[in-house]
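Engineer: got a structure for you, letters missing:
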């Protein structure tokens with residue numbers, strides 16, 4: 001079983017999360033943590049032995065052209081019922 005925790009960077013109190021991962025992880029239960037950050041230190045700060053259970057995958061930011069193509073495709077799919085101005089596209 002894979003348990004995915006998305007938006008991990010928005011969780012305010014992560015202090016016991018590493019203990020939960022350590023206690024619940026096994027050959028049959030794995031955790032996937034998705035969030036924005038430069039390193040995994042926030043996850044492991046309260047349980048250093050969890051380092052053996054972590055693989056860090058760095059995902060680069062999406063290129064701007066690719067992002068704009070997705071937005072334009074979305075506009076097309078809704079027959080231009082929604083149009084994003086330049087400011088909105090830059091914010092996205």
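Structural biologist: The structure has been received and is ready for your questions. These figures come from a predicted structure and were not determined experimentally. Numbers count the residues shown, from 1 in each chain.
Engineer: domains in the chain, by residue range?
Structural biologist: 2-53, 60-92 (automatic domain parsing).
Engineer: distance of residue 6 relative to residue 16?
Structural biologist: Here residue 6 is placed at a distance of 19 Å from residue 16 (CB to CB, to the nearest Å). In short, each C-beta sits where N, CA and C put it, glycine included.
Engineer: same question for stretch 1-9: list its buried residues.
Structural biologist: residue 8 (16 or more other CB atoms under 10 Å).
Engineer: how far off centre is it?
Structural biologist: 8 Å (CA atoms, centre = their mean, to the nearest Å).
Engineer: scan this structure for its longest helix.
Structural biologist: Scanning the chain for the longest helix, with DSSP state H as the assignment, gives helix 64-77.
Engineer: give me the buried positions along that helix.
Structural biologist: residue 68.
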